[in-house]
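**Q** whatever this is, show me its structure:
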Amino acid sequence: MKYNSIRPGQIWLDTEGKRIQAHGGSIITVGDTFYWYGENKERTTPESGIWHWGVKCYSSQDLYNWQDEGIIIPPNEEDTDSPLHPMQYMDRPHIIFNERTGKFVCWLKIMKKGGTQESTVLEADHILGPYIMVKHGLRPLNMSAGDFDLVVSPDGKAYYYFERVHSELICADLTEDFTDVTGYYSTHFPNIQPPFVREAPAYFYRKGLHYLFTSGTTGYHPNPSEVACAQTFHGPWEVLDNPHPDDTSCTSYNSQITSVFKHPYKKDLYIALADRWIPNLPQTSGDAFENGQQYQKVSEQFNAVFDPGIERVITEEDHNDLLVDTSIADYVWLPVRFDGKMAYLDWKEEWKVEDYD
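**A** Just a heads-up that it's a prediction; the model follows:
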């Protein structure tokens, strides 16, 4: 099947007719080719015990049709202690290019059993690898580092935005080789606990302003996004609003933004890349999804889990609400609309890159 448009939320197949598996992902442009990479969830079904099957990458010339370039960071099936073992909770790969070293640098978030989170760093000479692990078990700034984004500024300096689990968002300067933090950092968006803590930071820059999309903290269940802007990488950040103006479900159109891609050949086209982790949520929740009651229910569940002052028994129904089959997750890609400094994401059943200057 050949595509000539982007259809948010619909099943997206690669050029071989298989589901695209690039979750928690981003796009990087190398030459005239777009590379979309992310978590390979093809074997991650409920109760399978498999969290990931490596990092997969796809290439495209038009952002519509994607060729499978294979697993660029394979799982380590032999070593159960390896951060790349399929049962390890590896999330959200981010790859940036270092012009000084000529290396593609990939950071991975690794959630450890017991609640702490660590980082693994790999390097490669080509976007498609092979990637060599250069650091693992890294606790940046001696912090438990959750969802994150990596940013390279025009002057070649790099920054690392991450959720300090479960309390606030951190912006940390990276070393010149992009494989560690320098020690200089700033703190933002302090919150008490999930579901209020901001996670999944997605950075972009436009017309003198730095932007961050973030989500609340409700696991794979969707929640209201938030957009903030600042005049520097380190803030201070001004919280603007929910960028999804027509969303009555309070779920960011049943998605979670993972990154923002600035189209290199368009004047002002920014595309928010998001995962639809639970495609059937509207069907299973009925009216409760549309009116926001389903989100409120899940939000209260997370609040009960993390707030020691709330006495609440987690029921079997609660447990079932939190089970997710990520092997069939879809994608919601939408162009960003700007009104002054506010950034909006309007729902579109279908849209084309060619419609933008």
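**Q** run through the strands of the stretch 1-150 of the chain in chain order.
**A** 23-30, 33-39, 55-60, 67-73, 89-98, 103-111, 117-124, 132-138, 145-152 (DSSP state E, counting those that start in this stretch).
**Q** out of those, which is closest to Tyr3?
**A** Proximity to Tyr3 (Cβ to Cβ) singles out strand 55-60 among the strands of the stretch 1-150 of the chain, at 9.8 Å. Placement of C-beta: from N, CA and C, glycine included.
**Q** show me what the closest one is packed up against.
**A** Contacts defined by 3 or more Cβ pairs under 8 Å, 6 or more residues apart in numbering; DSSP states H and E place strand 55-60 against strand 33-39, strand 67-73.
**Q** neighbours around Ser215, how many?
**A** Neighbours of Ser215 under the rule other Cβ atoms under 10 Å: 26.
**Q** go on, the one 4 residues further on?
**A** Residue crowding around Gly219 was assessed by other Cβ under 10 Å; the count is 17.
**Q** please apply the same query to the one 3 residues further on.
**A** As a burial measure, Pro222 scores 29 neighbours (other Cβ under 10 Å).
**Q** which ones are touching His94?
**A** Taking Cβ atoms under 8 Å, 6 or more residues apart in numbering, we find His94 in contact with 26, 106-107, 148-150, 259.
**Q** reformat the strands of the stretch 1-150 of the chain as CSV; add distance to Tyr185 and mean pLDDT.
**A** Conversion of the strands of the stretch 1-150 of the chain to CSV gives the following (distance: least, Cβ to Cβ, whole Å; pLDDT from 0 to 100):
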stretch, distance to Tyr185, mean pLDDT
strand 23-30, 22, 97
strand 33-39, 26, 98
strand 55-60, 26, 98
strand 67-73, 27, 98
strand 89-98, 17, 97
strand 103-111, 15, 97
strand 117-124, 14, 97
strand 132-138, 14, 97
strand 145-152, 11, 97
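**Q** so where do the helices sit in the protein?
**A** 281-285, 287-290, 293-306, 316-321 (DSSP state H).
**Q** so which of these has the densest surroundings on average?
**A** helix 293-306 (a mean of 19; mean count of other Cβ atoms under 10 Å).
**Q** tell me which helix or strand of the chain sits lowest on mean pLDDT?
**A** The least trusted helix or strand in the chain, going by mean pLDDT, DSSP states H and E, turns out to be helix 316-321, with a mean of 46.
**Q** low-confidence ranges in this protein?
**A** Scanning the chain for pLDDT under 70 picks out the ranges 311-322.
**Q** okay, which residue is most central for it?
**A** In the chain, the centroid-proximal residue (Cα atoms, centre = their mean) is Thr258; its distance is 2.6 Å.
**Q** identify the residues contacting Ala272.
**A** Taking Cβ under 8 Å, 6+ apart, we find Ala272 in contact with 202, 213, 243, 257, 259-260, 333-336, 345.
**Q** repeat that for Pro195.
**A** Pro195 makes contacts with 216-218, 223, 298-299, 302-303, as judged by Cβ under 8 Å, 6+ apart.
**Q** between those residues, which is nearest Leu138?
**A** For the contacts of Pro195, the nearest to Leu138 is Thr217 (22.1 Å; Cβ to Cβ).
**Q** quick check: the closest one touching Phe302?
**A** Yes - between Thr217 and Phe302 there is a contact under Cβ atoms under 8 Å: 6.7 Å.
**Q** so what sits against both of those two?
**A** Common neighbours of Thr217 and Phe302 (Cβ under 8 Å, 6+ apart) are 194-195.
**Q** thinking again about what came up before, redo the contacts of His94 as JSON lines? Include distance to Ser285 and neighbour count.
**A** Formatted as JSON lines, the contacts of His94 follow (distance: Cβ to Cβ, whole Å; neighbours: other Cβ atoms under 10 Å):
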{"residue": "Ser26", "distance to Ser285": "29", "neighbour count": "22"}
{"residue": "Cys106", "distance to Ser285": "36", "neighbour count": "25"}
{"residue": "Trp107", "distance to Ser285": "34", "neighbour count": "25"}
{"residue": "Phe148", "distance to Ser285": "30", "neighbour count": "25"}
{"residue": "Asp149", "distance to Ser285": "30", "neighbour count": "25"}
{"residue": "Leu150", "distance to Ser285": "34", "neighbour count": "21"}
{"residue": "Ser259", "distance to Ser285": "27", "neighbour count": "25"}
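**Q** turn these into TSV, columns for distance to Lys56.
**A** Shown next, in TSV, are the contacts of His94 (distance: Cβ to Cβ, whole Å):
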residue	distance to Lys56
Ser26	13
Cys106	13
Trp107	17
Phe148	19
Asp149	19
Leu150	19
Ser259	15
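**Q** still on that earlier bit, next, format the strands of the stretch 1-150 of the chain as a markdown table and append distance to His166.
**A** Converted to a markdown table, the strands of the stretch 1-150 of the chain look like this (distance: least, Cβ to Cβ, whole Å):
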| stretch | distance to His166 |
| --- | --- |
| strand 23-30 | 18 |
| strand 33-39 | 21 |
| strand 55-60 | 25 |
| strand 67-73 | 27 |
| strand 89-98 | 15 |
| strand 103-111 | 12 |
| strand 117-124 | 10 |
| strand 132-138 | 19 |
| strand 145-152 | 8 |
